[in-house]
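S.K.: Next one to model:
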Amino acid sequence: MIFLALNLLDSGVQLSMLCAVIGLIFAFVLIAIVARSPSGNERMRQISGAVQEGAKAYLNRQVVTISVIAVIIFILLFIFKDHSTAIGFVVGAFCSLSAGFIGMRIAVIANVRTTQAASVSRTNALRMAFNGGAVTGLLVVGLALLAVSIFYTLANKMVGHDMAIRSLVGLALGASLISVFARLGGGIYTKAADVGADLVGKLEQGFEEDDPRNPATIADNVGDNVGDCAGMAADVFETYAVSLIGAILVGALTLVGNPAVIVYPFVLGGISVLGAICGVLFVNVANGKPAAVLMGGVLTSAIISAILFWPATHYLFPTGLTIAGATRTPTQLYLASVIGLVMTAVVVAITNYYTSMRYAPVQKIARASETGHATNIIAGLAVGQHATALPVGFIGIAILLSFHFAGLYGIAIAVMSMLSMAGIIISLDSFGPITDNAGGIAVMSNLPKEVRAVTDQLDAVGNTMKAVTKGYAIASAGLAALVLFGSYVEELRAHNVAYAEFHFSLTEPKVIIGLFLGGLLPFIFTAFSMDAVGKAAGAVVREVRRQLKAKPGILTGQDTPDYGTCVDIVTKAALREMIVPALLPLVFVVAVAIIKPLGPVVLGGLLVGTIVTGLFVAIAMTSGGGAWDNAKKFIEEGNLGGKGSFAHAASVTGDTVGDPYKDTAGPAINPMIKVVNIVAILIIPIFF
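M.R.: Numbering: from 1, shown residues only. I've put the predicted structure just below:
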């Protein structure tokens, strides 16, 4: 056992690289399987090509816009920080962009093949959409684990251990900053197109979802890919990378001289890649209801990970670990890792309850639609706010237990364990937009209603899965940010002797000021995000009305809508409107650091304030938005009057309000919280 412990200690990082490579190879095998599957008739391929062209054009322009800002930040880090941190920033930014781009490309390939599979059977369509999503999930975790492990290994050899650890913060910043832009830009794009298409198409013209006569239809389908696929891929890439880096930082700062505490997070990540592969295989062989099969994949992945975590923990820590003068046994460290797996299951179950059509919250919103638009909105807001209680309560329990088992390092391990499930969870998230687009292609290709019935059923499951994964990402972000805050405190104490014995106290007015400023940031951030969607959606509405008035033949099918104009409107709006909110967290942190009467104490309060209010706002928005969406689908299935009824019109209004909630503002809070914490750690040696 001692030999195995030494071997794992010496080779743990390399073994995690090997697991990451295995995950990437499996992803490429899935790509080959998806690409070789039938892609339908000529009309289906033509529509898919138009969506692919629009998504590719947007992402190319987004890369150019983001790159300009990234180059400026790289130069500032190179001059004012150090070269290795600046290089880490570039690595993180590049990998985050790559994850988003690859996620979008695979989704576009998979959606038309899912439509074709739906004409054969529901099971075939389920597996095709899931495999397309699984490519994104495995690529994200494989790429994140590989990027962090290779950068850490090379930096360790070139600049030494301590500098290598600190340089990882640059990689985290690159991943997080790009993720904010991708989340905001993609979210503004997709929801501006979606809201614009629904307001004119469904409410004014009585069109079906994805009706080819609607000029905003292609823009809406493009948005699913650049927002839900590219945006979510970049989001979870950074969450995974930041959680891994946060665990390494806490281990290095609080448990100095013990290499096992740095290797352990890498080993957990590597094991979970193997668990994710097992989960993907389960979905491909299991039969049953779509939601049950998908959840079975998650459960399989969690069980495999939990089994393998046990020997890994005992081999790395054969005699336990001394934390704050007390010895923690290997079993206690293992239990901290299991808490992360349990938290994943808990958050998935809670979010599923609040956003699935099968349960009371969504049906409550649907019934409220019978009495009008306003009552639908009121019910949706209430459900979103109710949905915060259970997740936050369980997050508190998880913090308490993991801290009890292994202090701040225990919390870091629980977070890393939770994020290690990202491979299978992101497979579920990408499943949603793939099935949504598949339904759109079915309608625009005039396929039989039976095909659309299959895609609609899978799309409803996909909506719940998207809400579940956003809840998962936000809950893990709250825990990860707490770990980063701990790293900020330890780094501040190590850097400046004046703060060596300092403790953040609520009796200190500066801490309260910081809490207020931090609590404000998520509200300002989401206000800018919502405004951006509203303005862009308004422009789409005006353009759709103009086209329908100028070309009445569109309504009868004699004229073809100009899809490209709507695509161009939302592309320009998304790129323009994403910049200010994305830079807000940077501005807040640097401003507090520069203003001398404020300084590091106020900044510490700001970090906590952002975590607390950000967590509540994000959960309320994503859960409420998902519930609004599925309340509309519940009615469209024939309940409470069905399509075209008064209740349906009210539910469409609720859905359009919920769209920017769940797909733009709410999810973008996740990377924003991390950006604030990472920038705070980075600027300690510059300003303090």
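S.K.: Let's verify Thr327: helix, strand, or coil?
M.R.: strand (DSSP: H, G, I helix; E, B strand; the rest coil).
S.K.: Apart from its chain neighbours, what residue comes closest to it?
M.R.: Counting by Cβ to Cβ, 6 or more residues apart in numbering, Thr327 lies nearest to Gly320, which is 5.1 Å off, once chain neighbours are set aside. Backbone N, C-alpha and C define where each C-beta goes, glycine included.
S.K.: Angles on the backbone of that neighbour, please.
M.R.: phi 90, psi -160 (degrees, to the nearest 10).
S.K.: the strands in this structure, which residues?
M.R.: All strands of the chain, identified by DSSP state E, fall at 321-323, 326-328.
S.K.: coming back round to it: ok, the residue nearest to Thr327 to Arg328 distance?
M.R.: To Arg328, Gly320 is 5 Å away according to Cβ to Cβ, to the nearest Å.
S.K.: So for those two, which residue has more residues nearby?
M.R.: Applying other Cβ atoms under 10 Å to Gly320 and Arg328 shows that Arg328 carries more neighbours, namely 21 against 16.
S.K.: Now Thr375: closest residue in space that isn't a chain neighbour?
M.R.: In space, Thr375 is closest to Ala368, 4.4 Å off (Cβ to Cβ, 6+ apart).
S.K.: cool, and Val454?
M.R.: Nearest one to Val454, counting by Cβ to Cβ, 6+ apart, is Ala118 at 4.1 Å.
S.K.: shaky segments in the protein?
M.R.: By pLDDT under 70, the weakly predicted segments of the chain are 1-6.
S.K.: picking that back up, can you lay out the strands of the chain as CSV showing distance to Ala234?
M.R.: As requested, those are exported to CSV (distance: least, Cβ to Cβ, whole Å):
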stretch, distance to Ala234
strand 321-323, 34
strand 326-328, 36
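S.K.: Of these, flag the one that's most buried.
M.R.: strand 321-323 (a mean of 18; mean count of other Cβ atoms under 10 Å).
S.K.: what's that one packed up against?
M.R.: On a contact count with 3 or more Cβ pairs under 8 Å, 6 or more residues apart in numbering; DSSP states H and E, strand 321-323 meets strand 326-328, helix 389-419.
S.K.: any idea which of these is most buried?
M.R.: helix 389-419 (a mean of 23).
S.K.: what's the offset of that helix from the middle of its chain?
M.R.: Centroid displacement of helix 389-419 relative to its chain, using Cα atoms, centre = their mean, to the nearest Å, is 20 Å.
S.K.: Give me the distance between Ile425 and Leu294.
M.R.: From Ile425 to Leu294 the distance is 10 Å (Cβ to Cβ).
S.K.: Now for those two: what residues contact both?
M.R.: By Cβ atoms under 8 Å, 6 or more residues apart in numbering, Ile425 and Leu294 have no common neighbours.
S.K.: ranges for the helices of the stretch 501-650 of the chain?
M.R.: For the stretch 501-650 of the chain, the helices defined by DSSP state H, counting those that start in this stretch occupy 509-550, 553-556, 563-577, 579-594, 599-636, 646-660.
S.K.: number of nearby residues for the closest residue to Ala593 other than its chain neighbours?
M.R.: With Cβ to Cβ, 6+ apart as the criterion, Ala593 has its nearest non-adjacent residue at 4.2 Å, and that residue is Phe687. By other Cβ under 10 Å, the residues close to Phe687 number 16.
S.K.: if I pick the residue nearest to Ile106 when sequence neighbours are not counted, what's in contact with it?
M.R.: Excluding its sequence neighbours, the residue lying closest to Ile106 (Cβ to Cβ, 6+ apart) is Val135, at 4.5 Å. By Cβ under 8 Å, 6+ apart, Val135 lies in contact with 27, 30-31, 34, 102, 106, 110, 430.
S.K.: ok, now how distant is Val135 from Pro391?
M.R.: Separation of Val135 from Pro391 (Cβ to Cβ): 29 Å.
S.K.: isn't Ser48 right next to Ser39, touching?
M.R.: Yes. Ser48 is in contact with Ser39 according to Cβ atoms under 8 Å; the separation is 7.3 Å.
S.K.: Tell me the residues that contact both of those two, please.
M.R.: Common contacts of Ser48 and Ser39 (Cβ under 8 Å, 6+ apart): Val112.
S.K.: So the two - more neighbours on which side?
M.R.: Ser48 (26 against 17).
S.K.: Nearest residue to the more buried one in space, ignoring adjacent ones along the chain?
M.R.: Distance criterion Cβ to Cβ, 6+ apart; nearest residue to Ser48, sequence neighbours excluded, is Val112 at 3.8 Å.
S.K.: Output the longest helix belonging to the protein.
M.R.: Counting by DSSP state H, the longest helix found in the chain is helix 449-495.
S.K.: how far off helix 389-419 does it point, in degrees?
M.R.: Going by axes from the mean of the first three to the mean of the last three Cα atoms, to 10 degrees, helix 449-495 is angled at 80 degrees with respect to helix 389-419.
S.K.: relative to helix 599-636, how tilted is helix 449-495?
M.R.: Interaxial angle of helix 449-495 relative to helix 599-636 (the same axes, to 10 degrees): 170 degrees.
S.K.: Relative to the whole chain's centre, how far out is helix 449-495?
M.R.: Relative to its chain's centre, helix 449-495 lies at 5 Å (Cα atoms, centre = their mean).
S.K.: How about stretch 20-40?
M.R.: Taking Cα atoms, centre = their mean, one finds stretch 20-40 lying 22 Å from the centre of the chain it belongs to.
S.K.: And the contacts of that stretch?
M.R.: Contacting residues not belonging to stretch 20-40 are listed as 45, 48, 106, 109-110, 112-113, 115-117, 119, 128, 131-132, 134-135, 138-139, 141-143, 145-146, 149, 269-270, 273-274, 276-277, 280, 423, 441, 445 [Cβ under 8 Å, 6+ apart].
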